[in-house]
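Trainee: Sequence below, structure please.
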Amino acid sequence: MHQAFAQRIARLFYNAARRRFEGVVEFFAPGLPEPMRVPVTLEAPEGISHGALTRSLLREAQRRGIGGI
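Mentor: Numbers count the residues shown, from 1 in each chain. A predicted model of the protein is given here:
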């Protein structure tokens, strides 16, 4: 049986004092009553491209929160 997951970057801001992005990534999956929210911190320059930022945030959230699903 194939399980489909969806994800969304729910909150994101750049902390200039610490030079990092801080946010929350939400994962949706069949059988979960509500989305799983994973807090993420990513050290990256403010000028990182949107695509690279998105991939990095999702990779970090997967590493922190849904590695066992």
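Trainee: what about the lowest-mean-pLDDT helix or strand in the chain, distance to the chain center?
Mentor: Ranked by mean pLDDT, DSSP states H and E, the weakest helix or strand in the chain is strand 6-15, scoring a mean of 87. Centroid displacement of strand 6-15 relative to its chain, using C-alpha atoms, centre = their mean, to the nearest Å, is 6 Å.
Trainee: do the same with stretch 29-41
Mentor: Distance, stretch centre to chain centre, for stretch 29-41: 10 Å (C-alpha atoms, centre = their mean).
Trainee: list the buried ones in the following helix or strand past the least confident helix or strand of the chain?
Mentor: Note on strand 6-15: by DSSP states H and E, the next helix or strand toward the C-terminus is strand 20-28. Neighbour-count burial for strand 20-28 flags 20-21, 23-27 (criterion: 16 or more other C-beta atoms under 10 Å). Every C-beta, even on glycine, is put in place using the N, C-alpha and C of the backbone.
Trainee: Format the CA atom coordinates belonging to strand 20-28 as PDB.
Mentor: Only the C-alpha atoms of strand 20-28 are listed here, as PDB (Å, rounded to 0.1, in the frame of the first residue of the first chain):
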ATOM      1  CA  ARG A  20      19.800  31.300  10.900                       C
ATOM      2  CA  PHE A  21      16.300  30.500   9.700                       C
ATOM      3  CA  GLU A  22      13.800  29.300  12.300                       C
ATOM      4  CA  GLY A  23      10.500  27.700  11.400                       C
ATOM      5  CA  VAL A  24       7.900  25.000  11.700                       C
ATOM      6  CA  VAL A  25       7.300  22.300   9.100                       C
ATOM      7  CA  GLU A  26       4.000  20.400   9.000                       C
ATOM      8  CA  PHE A  27       3.600  16.900   7.700                       C
ATOM      9  CA  PHE A  28       0.200  15.500   6.700                       C
END
